[in-house]
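# build me a model from this:
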Amino acid sequence: MSPKQYLSANPPLPIRDGVAPSYLWLQKGEWSSLLEFLIQRFPDVSSEIWQSRMARGEVVNETGAPYSATSPYRWGGRIFYYREIEAETPIPFEEQILFQDQHILVVDKPHFLPVIPTGRFLHETLLVRLKNKYHFHDLTPIHRLDRETAGVMIFSINLASRGAYQALFQQRTVQKEYEALAPNLIGHELPLTYRSRMAPGTPFFRMQEVPGIANSETRIELIEQISGQVSRYRLHPLSGRKHQLRVHLAALGIPILNDAFYPIALPCKADDMSQPLQLLARSIGFNDPITGQERYFESQRKLVF
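Numbers count the residues shown, from 1 in each chain. Predicted coordinates for the structure are as follows:
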């Protein structure tokens, strides 16, 4: 039961500084008050902070009615509130706009910048930056891209046409090409197609390969051998599993340069942004479901060894 950002066109709290309210389903339990539940659910947020938010009318139900410090706990509904982060680390890399029409916004995302608010990132996310700069009320990402990965990212700016673009990714009719720097592959001929069954791993943020029918597939091609140790690869994910490219290259014995998760999880680098993961979402192509045009967008970023 994790809080999520509310992406509806009509949230019960207004968007503030580009940030939509978060919401949380109230689970079944015996808390005497909503405040008691919130203190237990969020141990790092003090009672005084929650009471201050409530006094400002910033903790409300689905209809926008405010809660107070004495409101009883009633499970089954949702509460809405604003996430607040006291000391958010600035990300010193800028996104670039590649394309915009009345339906989509295509962005070239830098390394280290999360797409949506999560964890210790709120304002320093691509979604919030774009909302503040361009004031698109209905801006919503229509696919995923890891914080550590740079490259092409597509957003919907029109609620009426959003489903048509989301369907492209759900139906896997989008041609996605990635680029990676990794050690030279030994013992296999390229190009090759790698398949495996992937499942959530340990720690919780990692994926792992497990026995069973393959549910992930990646086409791997050699672009060039850069040195005696490193090559540049072209990757085509034919499925869309979390961390798929990173898991597959690590399984082949060629983990992507600067990968802090695979093949083993390294200690958190916190705010160190000196060694970006050498993985780039190079391009996305598709047949536009609204205009019928062939669309192709390519990142202008470079992976440097």
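# now do the end-to-end distance for stretch 110-119.
Distance across stretch 110-119, first residue to last, is 19 Å (Cα to Cα, to the nearest Å).
# can you check stretch 63-75 too?
Distance across stretch 63-75, first residue to last, is 16 Å (Cα to Cα).
# which residues does A260 contact?
Neighbour list for A260: E148, L266, C268, K269, L277 [criterion: Cβ atoms under 8 Å, 6 or more residues apart in numbering]. For glycine as for every other residue, the C-beta is placed from the backbone atoms N, C-alpha and C.
# isn't L277 up against L145?
No: counting by Cβ atoms under 8 Å, L277 sits too far from L145 to count as a contact (11.7 Å).
# comparing the two, which shows the higher neighbour count?
Set L277 next to L145 and count neighbours by other Cβ atoms under 10 Å: L277 wins out with 22 against 19.
# what residues are up against the residue nearest to that one when sequence neighbours are not counted?
Closest residue to L277 apart from its sequence neighbours, by Cβ to Cβ, 6 or more residues apart in numbering: E148 at 4.1 Å. Listed by Cβ under 8 Å, 6+ apart, the contact partners of E148 are H111, F112, D259, A260, P276, L277, L279.
# quickly list the domain ranges of this structure.
As given by automatic domain parsing, the domain ranges for the chain are 4-81, 96-298.
# by mean pLDDT, show me the worst of those domains.
Mean pLDDT is lowest for domain 4-81 among these, at a mean of 88.
# distance check, the residue nearest to F169 when sequence neighbours are not counted against G292.
Spatial nearest neighbour of F169, excluding adjacent residues (Cβ to Cβ, 6+ apart): H143 at 4.8 Å. According to Cβ to Cβ, to the nearest Å, H143 and G292 sit 21 Å apart.
# more neighbours, these two?
H143 (19 against 7).
# isn't that one up against I154?
Yes: with contact defined as Cβ under 8 Å, H143 and I154 form a contacting pair (6.3 Å).
# which parts of the stretch 101-250 of the chain are strands?
104-109, 140-141, 150-156, 175-183, 192-200, 207-210, 216-225, 230-237 (DSSP state E, counting those that start in this stretch).
# can you name every helix or strand that the second one contacts?
Other elements packing on strand 140-141 under the criterion 3 or more Cβ pairs under 8 Å, 6 or more residues apart in numbering; DSSP states H and E are helix 126-134, strand 150-156.
# for these, give me CSV that also has mean neighbour count and distance to E30.
Below are the helices and strands packed on strand 140-141 laid out as CSV (neighbours: other Cβ atoms under 10 Å; distance: least, Cβ to Cβ, whole Å):
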stretch, mean neighbour count, distance to E30
helix 126-134, 18, 37
strand 150-156, 25, 41
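# out of the ones you listed, which gets nearest to F286?
Across the helices and strands packed on strand 140-141, F286 has its closest neighbour in strand 150-156 (9.1 Å, Cβ to Cβ).
# tell me the angle that closest one makes with strand 175-183.
Relative orientation of strand 150-156 and strand 175-183, computed by axes from the mean of the first three to the mean of the last three Cα atoms, to 10 degrees: 160 degrees.
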